[in-house]
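**Student:** just the structure for this:
(2 chains)
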There are 2 protein chains.
Amino acid sequence: MSRPLEVWFEFASTYSYPACSRVARLATDQAVPVVWKPFLLGPIFGAQGWETSPFNLYEAKGRYMWRDMERLCAAEGLPFARPAVFPRNTVAAARIACLGEAEPWLPAYVAAVYRANFAEGRDIADPAVLEDILAGLGLDAPAILDAAEGADNRPRLRANTDEAMARGVFGAPTFFVGDEMFWGSDRLDQALAWARAGAPDPV
Amino acid sequence: MSRPLEVWFEFASTYSYPACSRVARLATDQAVPVVWKPFLLGPIFGAQGWETSPFNLYEAKGRYMWRDMERLCAAEGLPFARPAVFPRNTVAAARIACLGEAEPWLPAYVAAVYRANFAEGRDIADPAVLEDILAGLGLDAPAILDAAEGADNRPRLRANTDEAMARGVFGAPTFFVGDEMFWGSDRLDQALAWARAGAPDPV
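**Tutor:** Residues are numbered from 1 along each chain as shown, chains lettered A, B, ... in the order given. Alright, predicted model coming up:
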């Protein structure tokens, strides 16, 4: 009996794109229940004194990251094209994900938004793009957009972000199994193993 | 015929400890020639405006890193104990590594210094500790310490560090195969594959 894997993701986060793609596939194969947790990195970076992504602030690190993403996506068979604007404003996209956290359409929506941002050069800050993505999944896009911006739903993204900060999240993707935290696409396999077995390497 | 793998390492870098341990083992198994490149992260961090390790500057990231190191070293069967002082001053230890870059004793020296720093709680800034490490390898420790601090050898560490910065290195460990750069312990397998095959996933 596997424990749930919490997947904390941000639509602007480059490494969350291959990670969420692998989560959707591997968690199903391995019968690990996934809890999707959309959040915003902006307020977390802001609390560290950063006004934008560290990949923009630190040029050498940013240059390397884009090359690493090319290699990583090629190795995983994922399409990839560097977005013209980075990071995109992801508030609207993430509010929809909060609304759909437990909905069956959520994994397909997550995959489509990442593909739009990191493979198709689309502006995921644009509500028309989000509406088009939702409609492409056969959903009632106007109703979902309305509900996502409604007074009941809007606070959920801030609550997730506050919870992330309180639990020590400093980047994305971040995985939790209980209180055990794993940061980065490179830790997904370890996090899945932890979920399946409890603690395969208890230390 | 494998291309050489350049291993850029810093004795104060936590993730360089398991990485260098794996390099020594895997490169031999896979017949990949290793070029050891000791350098200093301090000047590179300083150029980014950081006066100490980002793991000290960013508390949540640092707390996670120590836990991740525990798990990583446990999984690799490496002893680990968080040093009382982090980062240690590694200038003297790195000058010795520059002197020994092409010497047969270099891999054993590298392993012993990392173990002293990250498993044995020893102060690798102390010349007496370095002398003891060298003597433990059956080497003429006083002669090596003298030569390492000699006018011929001292500029080599600065030259390596300048070269690292010029080539876009921003952390450790960093691997190069030709001009292809790989950052982090998690990219060692990919770098080794690149060295063996040229570019297994050319993108």
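**Student:** surely residue A:5 touches residue A:177?
**Tutor:** Yes: the criterion here is C-beta atoms under 8 Å, and residue A:5 meets it with residue A:177 at 6.1 Å. Quick note: C-beta positions are derived from backbone N, CA and C, even for glycine.
**Student:** any residues in contact with both of these two?
**Tutor:** Taking C-beta atoms under 8 Å, 6 or more residues apart in numbering or on different chains as the criterion, residue A:5 and residue A:177 both touch A:191, A:195.
**Student:** now the strands for chain A?
**Tutor:** Remark: strands assigned in chain A by DSSP state E are A:5-9, A:34-38, A:174-177, A:180-183.
**Student:** now the third one, how far from the chain's geometric center?
**Tutor:** Here strand A:174-177 shows a centroid-to-chain-centroid distance of 12 Å under the convention C-alpha atoms, centre = their mean, to the nearest Å.
**Student:** just the second one next, same as before
**Tutor:** Using C-alpha atoms, centre = their mean, the mean C-alpha position of strand A:34-38 is found 8 Å from that of the whole chain.
**Student:** so what strands line up beside that strand?
**Tutor:** strand A:5-9 (parallel) (DSSP bridges).
**Student:** report the longest helix in chain A, please.
**Tutor:** When chain A is parsed with DSSP state H, its longest helix is helix A:59-76.
**Student:** hang on, the earlier thing: reformat the strands of chain A as JSON lines; add distance to residue B:25.
**Tutor:** Shown next, in JSON lines, are these (distance: least, C-beta to C-beta, whole Å):
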{"stretch": "strand A:5-9", "distance to residue B:25": "31"}
{"stretch": "strand A:34-38", "distance to residue B:25": "35"}
{"stretch": "strand A:174-177", "distance to residue B:25": "28"}
{"stretch": "strand A:180-183", "distance to residue B:25": "25"}
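**Student:** make a markdown table from those strands and add distance to residue A:116, mean pLDDT and mean neighbour count to it.
**Tutor:** Below are those laid out as a markdown table (distance: least, C-beta to C-beta, whole Å; pLDDT from 0 to 100; neighbours: other C-beta atoms under 10 Å in any protein chain shown):
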| stretch | distance to residue A:116 | mean pLDDT | mean neighbour count |
| --- | --- | --- | --- |
| strand A:5-9 | 15 | 98 | 24 |
| strand A:34-38 | 15 | 97 | 21 |
| strand A:174-177 | 22 | 98 | 25 |
| strand A:180-183 | 25 | 98 | 21 |
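**Student:** out of those, the one nearest residue A:131 is which?
**Tutor:** Minimum separation from residue A:131 across those (C-beta to C-beta) falls at strand A:34-38, 18.0 Å.
**Student:** can you list contacts of that closest one?
**Tutor:** For strand A:34-38, contacts defined as C-beta under 8 Å, 6+ apart pick out A:4-11, A:23-24, A:27, A:94, A:97-98, A:101, A:106-107, A:110, A:157, A:160, A:164.
**Student:** and those, which are buried?
**Tutor:** For the contacts of strand A:34-38, a burial check counting by 16 or more other C-beta atoms under 10 Å in any protein chain shown picks out A:5-11, A:23-24, A:27, A:94, A:97-98, A:106-107, A:110, A:157, A:160, A:164.
**Student:** would you mind listing what in chain A touches chain B?
**Tutor:** A:48, A:58, A:60-61, A:63-64, A:67-68, A:70-71, A:74-75, A:168-171, A:181-184, A:186-187, A:190, A:201, A:203 (C-beta under 8 Å from any C-beta of the partner chain).
**Student:** whichever of these end up buried, select them in ChimeraX.
**Tutor:** Burial among the residues of chain A next to chain B is assessed by 16+ other C-beta under 10 Å; the matching ChimeraX selection reads:
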select /A:58,60,61,64,67,68,71,168,169,170,171,181,182,183,184,187,190
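**Student:** my read is that residue A:111 contacts residue A:23, right?
**Tutor:** No: Residue A:111 is not in contact with residue A:23 according to C-beta under 8 Å; the separation is 9.9 Å.
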